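J.: Here is my input, please return the structure:
(2 chains)
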Amino acid sequence: MKLLEPGTEIDGFVVHECIHAGGMAHIYRVGYANAARNPGFDLAMKIPRMTAGDGAENIVSFEVELTILPTLTGHHAPRFVAAGDLMRLPYLVMEYVHGDTLQHWLDRHPPEDHDARSFEAIARMGSATAIAAHSIHQQNVCHLDLKPANVLLRPDGSVVLLDFGLSCHAHYPDLLAEEMRKAVGSPTWIAPEQVVGVRGDLRSDIFAIGVMLYEMATGELPFGSPGTQGGLRQRLWMTPAPPRQHRPDLPEWLQEVILRCLEPEAAQRYPSAAHLAFDLANPDQVPITERGRRLRGPGLRTHFKRWIKAAGMHYQPSPLPTRQIEEVPILMVAVPHDDVTDATLYSLREAAARSLGIRPGARLACVAVIKPSASSTSDSARSETTLQRQHLARLKQWAGGLDLSRHSASYHVLEAGDVAQALVRFAEANRVSMMILGAATHGLQLQRFIDTVPIRVARDAPCTVILVKQQLPFGALGM
Amino acid sequence: MKIALLSDIHANLQALEACLEHAHAQGAQQLALLGDLVGYGADPAPVLDRLIRLVHEDGALCVRGNHDAAVVTPPAGAETLGEQSAQWTLPRLSAQHRAFLAGLPLTARLGPDALLVHASADGPERWHYITDGNAAERSMAAATRIDPAIRYVFSGHVHEQALYFLTPTAKLMRFNPQPGVPVPVPPHRQWLAIVGSCGQPRDGDTRAMYALFDAGAATITFHRVPYDHMAAAAAVRAGGLPDFFAERLEKGR
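T.: Have a look, this model is predicted:
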């Protein structure tokens, strides 16, 4: 298809320069011909390449994006603006998001540039990508084509996901499902279950993020770029070489995270992108297993066993993304430390145990907020690290009464003057699904007219808040 | 233009009223009835009175279902539950009711690009069940033989909601819709929607089913509407119909 001349007008939009000429579509900067209609952000127009010589597939993926993009909300997808009639004048106008793609970042910083490709930077970008993926998963959409060219890094560090042409929305008929039992996606990043035609498992996106983390950290692609269906099937059983083999200084926690994303069986990966983001944001809390420590890949025996298992791998329907997320919540407990009775701590623990008990996939984050003034730089007994250690020990002791054999748990001591704000911010930053705190803890008793901490948290938290009241028998006993 | 598509009302007055009220609140301007107005339920006469008025005065479209046909040409025996229900229904209908049912067509057109049929456009009088992509494909192909301009086939008969669509490689795929979510059904593809049963749900959910087709926006929304199913079941028992019909309404299966 011929490039449009700058100045061309389409349905009230003036076309500016072409910013991307891909195999599937051309993307132009555009503006409204009538400046008064300007929505307050820049615009881009995507026009599919639909000449006689082009295959039908790019029309279908354009139609898929046309269906899904308008339904997405939040900061992690370009805002939808307008669309032309698919049969007459196909185009899609959306927000032009400023920033660089992860592909640009990889190109700009060669693998030897260990300063730019620091583990902190990789974890930060990986976490931002996982948060973006979680946001669309919460809207029942799986992206299914996550790759560096589709991950846009905003200047503020957040991530916007691009190109929903191969995505799957659980509420709409999947036009690409006809390709079932045949891989739809980009061979380098595609997850094993996608190879056998599964569309709609959010853990496929987690796998793709794992491939990107691997490439960011080592400069290598964990599975190369297979060009054949047979080459793709290798993904059903293969565990890639550990990243530490390519980059010996790579920390164990990062390898643990990357290889968990790349588990061939979806059930062995992170159960939701929020869990992945959590680990990347809290490296010191990642439990290290053999996966994180190994310096060479699994032996032939393991691979042979997996190969046998993979031979039977076939298409299965996926659970609804929102349901999958509900089953693996991040549960946060605000554990008070000042002026707190044993009965309150006991009641909190009971509430946490109940919530964990009905959600086997939940992870637990135990949080204490201490005043910044509580630490002192001169007095070693009150120094920051000593205090942190004491509080961490208290948190672990509190959680010691919980059966955590099937749950991952982490412990966080936050320093903040404003307790409610610190709790709410932690919940926001870590995509917490549910927070448990004492109704009469963290300062004032629960009162009707005073903004106590529990009241403020209940009002401002982005998630469900359970306010636990101390169980009566203990109070009555004067404990 | 929003069109409410109701099928398999099965003489359930409570479910019918609830769906009509819901559709009205959603802005439905037209009504299409996809057959099986009677059978199983306790209120064939009041349901038909209501529906005849809607057809004659408000221009509602209506096609015939197998239970409607069974009342027009009554079965000889009363062996199956369906035959028992037809025998029970017949004496409760007036001559006007019977004439209305006898005059119903097997198919009807809704605008230039939609076809209404109770079961399958492939031999409507044979009441084929559409339970998979192949059966849906036969119905869709038959509709295209009637008129290539037909993009939508709306049916009932199987008491569950489903949307079949023709993919770019000309294969019909089944999609299970989420209640209340408008699904885009652009007319450059072919679609076959099964709107579910208004008066006798069988999927374990007691709520009545219907669908709302928005021709202008090219979307279809499958709805589930709660209604007084215990009252409908009580009416079935009070009428002396087989107990099983009442249990079905109570449990939705």
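
J.: need the contact list for B:A11.
T.: By CB atoms under 8 Å, 6 or more residues apart in numbering or on different chains, the residues touching B:A11 are B:L37, B:V38, B:G39, B:Y40, B:G41, B:A42, B:D43, B:P44, B:V47, B:T89, B:G199. C-betas here are computed from N, CA, C, even on glycine.

J.: Can I get those in CSV including neighbour count, distance to chain A and pLDDT?
T.: Below are the contacts of B:A11 laid out as CSV (neighbours: other CB atoms under 10 Å in any protein chain shown; distance: CB to the nearest CB, whole Å; pLDDT from 0 to 100):
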residue, neighbour count, distance to chain A, pLDDT
B:L37, 33, 30, 97
B:V38, 29, 33, 97
B:G39, 26, 31, 94
B:Y40, 30, 31, 95
B:G41, 30, 32, 96
B:A42, 28, 36, 96
B:D43, 23, 35, 97
B:P44, 28, 36, 97
B:V47, 23, 33, 98
B:T89, 26, 37, 94
B:G199, 31, 26, 97
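
J.: Mind checking which of the residues you listed land in helices?
T.: Those of those mapping onto helices are B:P44, B:V47, B:T89, per DSSP state H.

J.: Nearest to B:L166 among the residues you listed?
T.: Comparing the ones in helices among the contacts of B:A11 against B:L166 with CB to CB places B:V47 closest, at 34.7 Å.

J.: is it fair to say A:P226 lies in a helix?
T.: No: secondary structure of A:P226 (DSSP: H, G, I helix; E, B strand; the rest coil): coil, not part of a helix.

J.: Near it, how many other residues are there?
T.: Other residues lying near A:P226 total 18 when counted by other CB atoms under 10 Å in any protein chain shown.

J.: I'd like the distance between it and A:H314.
T.: A:P226 is 20 Å from A:H314, where distance means CB to CB, to the nearest Å.

J.: Tell me the gap between the helix-or-strand element of chain B with minimal mean pLDDT and the middle of its chain.
T.: Lowest on mean pLDDT, DSSP states H and E among the helices and strands of chain B sits strand B:172-175, with a mean of 88. Centre-to-centre, strand B:172-175 and its host chain are 20 Å apart (CA atoms, centre = their mean, to the nearest Å).

J.: the helices in the stretch 301-450 of chain A, which residues?
T.: Using DSSP state H, counting those that start in this stretch, the helices of the stretch 301-450 of chain A run over A:321-327, A:342-357, A:384-399, A:419-429.

J.: What mean pLDDT does the first one get?
T.: Computed over helix A:321-327, the mean pLDDT rounds to 89.

J.: And for it, what's in contact with it?
T.: Here helix A:321-327 makes contact (CB under 8 Å, 6+ apart) with A:134, A:137-138, A:140-142, A:170, A:200, A:202, A:271-272, A:274, A:359, A:361, A:433.

J.: give me the beta-bridge partners of A:V333?
T.: As for beta bridges, A:V333 partners with A:C366, A:I436 under DSSP bridges.

J.: The least confident helix or strand of chain B and chain A, are they touching?
T.: Yes: using CB under 8 Å from any CB of the partner chain, strand B:172-175 reaches chain A at B:M173, B:F175.

J.: Strands of the stretch 151-300 of chain A, residue ranges please.
T.: Taking DSSP state E, counting those that start in this stretch as the test, the strands found in the stretch 151-300 of chain A are A:151-153, A:159-161, A:168-169.

J.: for those, which one sits closest to chain B?
T.: Closest to chain B of those is strand A:168-169 (CB to the nearest CB; 9.7 Å).

J.: That closest one pairs with which strands?
T.: strand A:141-142 (antiparallel).

J.: can you give me how far the strand it pairs with is from the chain middle?
T.: The chain centroid and the centroid of strand A:141-142 are separated by 12 Å under CA atoms, centre = their mean.

J.: Need the contact partners of stretch A:19-28.
T.: Here stretch A:19-28 has contacts from A:1, A:3-4, A:15-18, A:29, A:44-49, A:58, A:61-62, A:165, using CB under 8 Å, 6+ apart.

J.: for that stretch, how far is the first residue from the last?
T.: 5 Å (CA to CA, to the nearest Å).

J.: Pull out the buried positions in the longest helix along chain A.
T.: For chain A, the helix with the greatest residue count under DSSP H is helix A:119-137. For helix A:119-137, burial by neighbour count (16 or more other CB atoms under 10 Å in any protein chain shown) applies to A:119, A:122-123, A:125-137.

J.: rewinding a little: could you export the strands of the stretch 151-300 of chain A to a markdown table, including columns for distance to A:L262 and mean neighbour count?
T.: What follows is the strands of the stretch 151-300 of chain A, written out as a markdown table (distance: least, CB to CB, whole Å; neighbours: other CB atoms under 10 Å in any protein chain shown):
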| stretch | distance to A:L262 | mean neighbour count |
| --- | --- | --- |
| strand A:151-153 | 17 | 23 |
| strand A:159-161 | 20 | 23 |
| strand A:168-169 | 21 | 24 |
